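**Student:** below are the sequence and a predicted model; questions follow.
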Amino acid sequence: MRSYNKTMAVLVVASLIVIVCRVSADLERFEQTTKGDGTLRFLVVGDWGRRGEFNQSQVASQMGRIGEEMDIDFVVSTGDNFYDNGLKGVEDPNFVESFTNVYTHKSLQKQWFSVLGNHDYRGDAVAQLSPLLRKIDTRWLCLRSFVVDAEVAELFFVDTSPFVEEYFTSPGDHVYDWRDVYPPKTYTSHLLKDLELELKNSKATWKIVVGHHAIRSVSHHGDTQELVDQLLPILEANDVDLYLNGHDHCLQRISDTKSPIQFLTSGAGSKAWRGDVNTTNGQGLEFFYDGQGFMSVELTQSDITVVFYDVFGAILHRWTMFKSVLHSIV
């Protein structure tokens with residue numbers, strides 16, 4: 001009987017280990033080489049995948065032009081990569097029609113680092129994570145959460161959809177692909193712990209966090225309260241410089257009231273929401289544009305410059321922040 005109980009105890013422990021491993025959000029790391037001149041340049045676009053429609057192709061064309069002028073190192077996608085309901089599988093033609101066939105400019109043939117958005121979770125979310133898509137288009141790299149070490153900066157990509165309680169409690173007519181996410185509370189708890197550890201250990205001059213959902217926004221969705229409560233304190237405590245997101249179909253920059261963090265929304269890659277703004281939530285608002293466009297980021301050891309562009313490639317807003325070189329060395 002004691003032998004039986006001991007065996008059962010071992011099986012229970014083993015099962016718990018399997019469960020923990022399944023919901024753990026360990027952050028895989030990727031090394032991104034740069035030009036070696038101490039600079040890093042990339043574009044940011046979100047909420048784009050509509051087979052070129054809703055001015056997606058026009059935005060892509062201007063991204064190509066600006067990308068060539070800047071000689072960018074890579075592109076960041078802030079999620080909602082494929083509308084309306086993600087991909088149906090790895091062979092879904094929407095991948096080629098909305099990505100490969102749209103972002104054709106030579107300057108955009110660089111690595112794309114992508115996170116999942118809520119619309120991506122409404123399809124086969126696992127398909128977007130599959131290495132098989134990288135065989136179709138080698139630029140594509142999408143994971144739930146991961147870290148990109150780009151020398152002067154580290155980018156921390158965070159899977160934000162599982163934080164939003166409404167998707168679980170009141171999904172409406174939508175069906176979400178929550179494989180490998182249940183139970184969500186455990187999943188997000190592990191993710192926050194992993195992220196906090198990575199941020200604390202980071203020696204990069206600049207720390208940039210990327211997620212789909214906004215922490216601060218004056219557009220349609222507004223602030224994501226779950227991220228304000230759970231993610232923001234970790235960013236503020238670990239000297240994060242930028243938080244990049246999509247979700248709201250606009251361009252905006254909002255300053256944090258408690259830290260130097262800048263909340264930058266680039267979710268205007270295709271369909272925009274004209275006139276959908278709520279400035280009563282506008283504390284710290286520095287810039288807002290409710291049309292289509294994208295964003296560029298250029299970093300050196302001492303400064304960072306962010307530029308927002310409209311669908312014609314015209315500059316809408318430019319912002320620069322400086323950081324002490326001595327501080328970055330320490």
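**Tutor:** Received it, and whenever you're ready, just let me know what you need.
**Student:** and the helices in the chain?
**Tutor:** 2-23, 56-70, 94-95, 118-121, 125-129, 131-136, 166-169, 184-201, 225-230, 232-237, 325-329 (DSSP state H).
**Student:** next up, the contacts around the residue nearest to Pro184 when sequence neighbours are not counted.
**Tutor:** Excluding its sequence neighbours, the residue lying closest to Pro184 (C-beta to C-beta, 6 or more residues apart in numbering) is Pro162, at 4.7 Å. Every C-beta, even on glycine, is put in place using the N, C-alpha and C of the backbone. Neighbour list for Pro162: Trp178, Val181, Pro184, Tyr187, Thr188, Leu191 [criterion: C-beta atoms under 8 Å, 6 or more residues apart in numbering].
**Student:** farthest-apart pair in the residues you listed, please.
**Tutor:** Using C-beta to C-beta, the contacts of Pro162 reach their maximum pairwise distance at Trp178 and Leu191, which is 14.1 Å.
**Student:** between these two, which one's more packed in?
**Tutor:** Higher neighbour count among Trp178 and Leu191: Leu191, with 25 against 16, using other C-beta atoms under 10 Å.
**Student:** about what we covered before: please identify the most buried of the helices of the chain.
**Tutor:** Neighbour counts (mean count of other C-beta atoms under 10 Å) averaged over each of the helices of the chain peak at helix 118-121, with a mean of 24.
**Student:** gap between that helix and the chain center?
**Tutor:** Chain-centre distance of helix 118-121: 13 Å, with C-alpha atoms, centre = their mean, to the nearest Å.
**Student:** which residues does it contact?
**Tutor:** Residues outside helix 118-121 that contact it (C-beta under 8 Å, 6+ apart): 79-87, 128, 161, 164, 167, 176-178, 212-213, 247.
**Student:** sorry, back to before: of the helices of the chain, which is nearest Asp47?
**Tutor:** That would be helix 118-121 among the helices of the chain, by C-beta to C-beta, at 8.1 Å.
**Student:** only alpha carbons, please: show the closest one as CSV.
**Tutor:** Once non-C-alpha atoms are left out, helix 118-121 reads as follows in CSV (Å, rounded to 0.1, in the frame of the first residue of the first chain):
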residue,chain,number,x,y,z
ASN,A,118,-6.7,39.4,-30.4
HIS,A,119,-7.8,38.9,-34.1
ASP,A,120,-5.0,36.4,-34.6
TYR,A,121,-6.3,34.4,-31.6
